[in-house]
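1. Structure here, sequence nowhere to be found:
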């Protein structure tokens, strides 16, 4: 199976996800969180570092549950920057006076 390369937006979203999970993990060890989430510590390390930008949904759901995060909060956090960029990229509509009377 051939995987398509990730878009820059997907890579950035993966990095935001990793940063969110690191913050939520706080002082808990990566090993404790990984074992409680039923994933390998290596998988958690790759997700937190952004090397796995598009982890499987059940993996994220399990980690979020272990960390006490709602999936809605995770989704909102990782997509917040995209919405900000999209809002900034919309140009305001300016009306010019008609040259015809």
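-> Looks like it came in fine. Since we're looking at a predicted model, the values are computed, not measured.
2. Neighbours of residue 2, how many?
-> 3 (other Cβ atoms under 10 Å). To be clear about C-beta, it is placed using only N, CA and C from the backbone, and glycine gets the same treatment.
3. Enumerate the positions of the helix or strand harbouring residue 18 that are buried.
-> Assigned by DSSP states H and E, residue 18 belongs to helix 8-25. Buried positions in helix 8-25, judged by neighbour count with 16 or more other Cβ atoms under 10 Å: 12-18, 20-21, 24-25.
4. Tabulate these in CSV, adding columns for pLDDT and distance to residue 63.
-> Putting the buried residues of helix 8-25 into CSV (pLDDT from 0 to 100; distance: Cβ to Cβ, whole Å) gives the following:
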residue, pLDDT, distance to residue 63
12, 94, 19
13, 94, 16
14, 94, 13
15, 94, 16
16, 95, 14
17, 96, 10
18, 96, 11
20, 96, 10
21, 97, 6
24, 96, 9
25, 96, 9
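5. Helices of the chain, start to end?
-> Ranges of helices within the chain are 8-25, 30-37, 41-49, 57-67, 71-89, based on DSSP state H.
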